[in-house]
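Visitor: no letters, just coordinates:
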């Protein structure tokens, strides 16, 4: 304060400077707390999807925007290929590309990887600013600062924005919050300028993340609620119309979105509300011109006509197929069992599972109990923007409960609402701390009264009564104000502590590199993935086709630069089911599938040696289910379970299980590690089958240090036209003819008059 | 008598010399012949001398010779092998033979009534069955009557040649029947097998010595009974199995002076001596043809100069766009009589495959003169790519019996339209343009009217 006074600033500008300093502090903190993974491991792209985004960004920076726009990726989804330009949200790549270009223009020779790695932390600083603005619109700048601080460190958001997590959500959450801020701003001012700005950022949001549909439905919902509350105004009309018209037109420029805004059910609400806005505005205009009675009749007729007509048109268009019905992904939001029944590919993704309740506490800490208090306060004031907060909170809470990954959309509103509550609390207990204590603080007034007639509910009185100490002693030590402020401060410190711990322990693993701890606490890095991908890159022909389960498609493309059959862009269920069928069928059947798709190598993940539980045997049931969805007669899930319905890999395993290619590839030569003793699978915690695992159609090409990644080469058809199994038997030095004759029970010449031998 | 025989053998030698003197194999000239004893080569002198005359370097080894090696340190020591040995060779086991074949060595294996185990095992790997020891192919209707009517009819006359122009010359097909005295072969399931000479409807296999009646279904009979069969591996190595090595002997091939002249002639008996034909055996021509075929002297095809380009361009691209018009062309040559020559066939096809074939076009032999036309035929076709993006494989997969398998494929991405490949202004869309422009103008005018009216 002394320093600021030296600058000769007024109190107002002192405060705004302070805000700027605090906000930048929060931004820097938000950035820094996301760097654990870089410090622990290295500057590396994390997980799965980021690898594709990274590869696409590389393509963008190397070949330029138009080549990226028209990019046909022939090395994924072999042989179907993927039109990347038309199936991708290009926002994040373009953002990183522009930043990279600017930095290079300023002669900072930064590699594009560094830009990608640090993009998410940088944008989280911006998210903090956006949250400040949004909460500022709800209450005041102190609530804004709190909201910024909360969202800066909330684990629910950090989980998707640590350094290296180069995914759409990295910039989308900033855009989500900022679009909402602009919307509130436009609504408050009734300004077409702010509405257009909102539309512009909505376009950016659409270009960045499929979750834009949340905005597309939430803003119309807000307007509808305002209409229902009789609060429809020209401000609302201007804001909504300018946002909708510009935002929708702009969003249709993204090839992946295309005509969806006018042709799918998900976007119909926004269109309908747009129409309703026009009708409402028109009726208001009529009301101002017509006498009341005539208007009443007209209104009723018009409302009925408009509603009936609109509904009929919607039904007609949907049944005629012009408007696409709700997609399966949408249904799975209402019925959590829907995906498991009808779209196993969606259910197989762990982040699409319903949320377990402890993860609310884990991801949001003390914000989650305070959040309802913030909502309650919104109800108390209930200005237009508070209605928005309430709607956002209710819908996002529901979605976060249905799907783990949607915790991300809930986090901003939890931070804002909690900031409202905490800031209100602090307002009450911190206000005018320099002014007269007795007058400013209601509780102390209460305390004064209590001196004459002690009240049981007064904390000071309570403590003095319990401890038998005179009241004034207690009052001097236990000031209620400091009690409340202190405990809030303590909770917040603990929250920051919790957030740091969660970030450091749960959300900072690149999952490409695994870390384990030795008994002495020393860290041991497991780098099998990169080892294997490097091997693929260095030792296989450049046009080799690698078959793996879709989880690893992006990584193989990004790190090994090889063609894959399926990847994390799960756009073709049949193709994925084909791979699932190849993995779950017996060898000869799999071989036909692999030959038909020109597969050269098969890559699987096996965790049985070191206990890595995310391996392919554990994902195997999903492969079977997805394949069964397409070929119900050829792949049957029941056959992989024992009589008693158990999923086993030991001697009790069913023959179907033991003969499946996946099982064989996982356990091939696994027994050799145990030198003749019983081999134990440490993930399933059971011994594996005791007989030797034989492989005939593929041969082992590479196995990583800890057996996590195993790569098999698909054999060529036999030169001599034999089955590969026979060829292998022959190559092992067995005389097949003799064996066959012995089996068929050859009768000797002597025993037969005519001297004929059985055919082989 | 003697003079006449000498003249005849000289004529045969001359015939062989004329036909094949300059011909050499497309794959090499080193031939290893495996015999029971080195002295046995005298029995096959006509056949071996014909090989030498065709330019082969023939080496002889005994089956018991431990130094007999086909492959050394992963390198072929010979290009072709002839297995005439009737004793099993421990050195050239089936494993070694398979190794040799995998290295694209060609094998001509002929067995007698007592087939050695290594050849049996080797044949088994191709799913070719050899009948048991001491059995023989018998035909009571087509046999060599010079053995006497009361013989067991085990020297039969076979002329059911597989009608393959790649294997047989016209003269062989129209020439005399082949004298055959040996065991029966039987084909199992193997797509690479090729029948060269099969039995007639009355041919069967049974014990050679016993005169017992046929009491059960013979091992194989009729046209399923293979007298000479071949396999062509996926890398076009050729392996020929003949059930009678006597077929190659001088006794059966030509009129050796030491033999009675009548033995080189035979009489064809059809239905109990009703017709008696007196003609020359076709063994010499047959032996020459199948050895030429086996040792890659004929029926060898190769593809060269595979090209594709857009119809209005002349250079080859790495990728195409959907609906492009493509010209695909390639050269095919055939090795015949020691030279690469043009190969003309009406049924060569190219496929554009993406899991399933989207396009299958027949390549037409092109008449346009090209510098390579002396040695190859240029095939050309034009087609339009489908309206489907993806990674397509342009594939020519030409397999015809007797000819070597020719295969070429290339994977190419077929891309979607670029954003600027579409027409920017469409005449049919003019109502929309008009609507957009009029709305914009009307709005503008309306705004001016609203702003300045009140």
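Guide: Good, I have the coordinates. None of the values given here were measured: they were computed from a predicted structure.
Visitor: tell me the phi and psi of the residue nearest to the spatial centre of chain B?
Guide: Centrality entry for chain B: nearest residue to the mean C-alpha point is residue B:402, 3.1 Å, by Cα atoms, centre = their mean. Per-residue torsions, residue B:402: phi 90, psi -30 (degrees, to the nearest 10).
Visitor: just give the nearest non-adjacent residue to it, would you?
Guide: Residue nearest to residue B:402 in three dimensions, not counting chain neighbours: residue B:166, with 3.0 Å by Cβ to Cβ, 6 or more residues apart in numbering or on different chains. For glycine as for every other residue, the C-beta is placed from the backbone atoms N, C-alpha and C.
Visitor: show me where the stretch 401-550 of chain A has its strands.
Guide: In the stretch 401-550 of chain A, the strands defined using DSSP state E, counting those that start in this stretch lie at A:514-517, A:523-526, A:545-547.
Visitor: mark out where each domain of the chain begins and ends.
Guide: In the absence of a named chain, chain A is used. By the assignment in automatic domain parsing, chain A contains the domains A:525-632+A:661-715, A:720-746.
Visitor: meant chain B actually
Guide: B:2-298, B:301-415, B:425-454.
Visitor: what is the mean pLDDT for the last one?
Guide: Mean pLDDT, domain B:425-454: 91.
Visitor: excluding chain neighbours, what is closest to residue 182?
Guide: I'll assume chain A. Residue nearest to residue A:182 in three dimensions, not counting chain neighbours: residue A:198, with 3.8 Å by Cβ to Cβ, 6+ apart.
Visitor: wait, I meant chain B there
Guide: Nearest to residue B:182 is residue B:244, by Cβ to Cβ, 6+ apart, at 2.7 Å.
Visitor: now do residue A:529
Guide: Closest to residue A:529 by Cβ to Cβ, 6+ apart is residue A:512, at 5.3 Å.
Visitor: name the nearest residue to the residue nearest the centre of chain A, ignoring sequence neighbours.
Guide: Note on chain A: the residue nearest the mean C-alpha position is residue A:405, at 4.4 Å, using Cα atoms, centre = their mean. Leaving aside its chain neighbours, residue A:405 sits nearest to residue A:351 (4.1 Å; criterion: Cβ to Cβ, 6+ apart).
Visitor: got phi/psi on the one you found?
Guide: Torsion angles, degrees, to the nearest 10, at residue A:351: phi -80, psi 0.
Visitor: what of residue B:353?
Guide: Backbone torsions for residue B:353, taken as degrees, to the nearest 10, come to phi -110, psi 130.
Visitor: contact partners for the nearest residue in space to it that is not next to it in sequence?
Guide: Excluding the flanking residues, the one nearest residue B:353 by Cβ to Cβ, 6+ apart is residue B:393, at 4.6 Å. Contact analysis of residue B:393 by Cβ atoms under 8 Å, 6 or more residues apart in numbering or on different chains lists A:79, A:598, B:351-354, B:409-412.
Visitor: circling back to that earlier point, can you tell which of the strands of the stretch 401-550 of chain A is closest to chain B?
Guide: Proximity to chain B (Cβ to the nearest Cβ) singles out strand A:545-547 among these, at 9.3 Å.
Visitor: next SSE after the closest one?
Guide: Where DSSP states H and E defines the elements, the next helix or strand beyond strand A:545-547 is helix A:553-555.
Visitor: do that following helix and chain B come into contact?
Guide: No - Helix A:553-555 stays clear of chain B (Cβ under 8 Å from any Cβ of the partner chain), getting no nearer than 15.1 Å.
Visitor: which residues are contacting that helix?
Guide: Outside helix A:553-555, the residues that touch it by Cβ under 8 Å, 6+ apart are A:48-49, A:51-52, A:55, A:76, A:512, A:529, A:533, A:564-569.
Visitor: again with stretch A:127-137
Guide: A:23, A:26-27, A:30, A:141, A:143-152, A:157, A:161, A:173-174, A:177-178, A:180-181, A:184-185, A:188, A:385, A:412, A:415-416, A:419-420.
Visitor: among those residues, which are in helices?
Guide: Those of these mapping onto helices are A:23, A:26-27, A:30, A:141, A:143-152, A:157, A:173-174, A:177-178, A:180-181, A:184-185, A:188, A:385, A:412, A:415-416, A:419-420, per DSSP state H.
Visitor: just the pLDDT for the residue in the stretch 1-150 of chain B that chain A sits nearest to.
Guide: Closest approach between the stretch 1-150 of chain B and chain A, counting by Cβ to the nearest Cβ: residue B:124, at 4.1 Å. On pLDDT, residue B:124 comes in at 89.
Visitor: wasn't it part of a strand?
Guide: No - Residue B:124: not assigned to a strand; according to DSSP: H, G, I helix; E, B strand; the rest coil it is helix.
Visitor: so how many other residues sit close to it?
Guide: Other residues near residue B:124 come to 23 when the count uses other Cβ atoms under 10 Å in any protein chain shown.
Visitor: near chain A, which residues of the stretch 351-454 of chain B?
Guide: Counting by Cβ under 8 Å from any Cβ, the stretch 351-454 of chain B sits next to chain A at B:354-355, B:389-393, B:411, B:413, B:415-416, B:418-419.
Visitor: one more time with 7 Å, if that's ok
Guide: Proximity of the stretch 351-454 of chain B to chain A is confined to B:354-355, B:389-391, B:411, B:413, B:415-416, B:418-419 under the rule Cβ under 7 Å from any Cβ of the partner chain.
Visitor: mind checking how far stretch A:700-713 is from the chain centre?
Guide: In this view, stretch A:700-713 has its centroid 30 Å away from the chain centroid, taken as Cα atoms, centre = their mean, to the nearest Å.
Visitor: just the buried positions in that stretch, please.
Guide: Judged by neighbour count (16 or more other Cβ atoms under 10 Å in any protein chain shown), stretch A:700-713 contains these buried residues: A:701-704, A:706-713.
Visitor: from start to finish, how long is it in a straight line?
Guide: For stretch A:700-713, the first-to-last residue distance is 6 Å (Cα to Cα, to the nearest Å).
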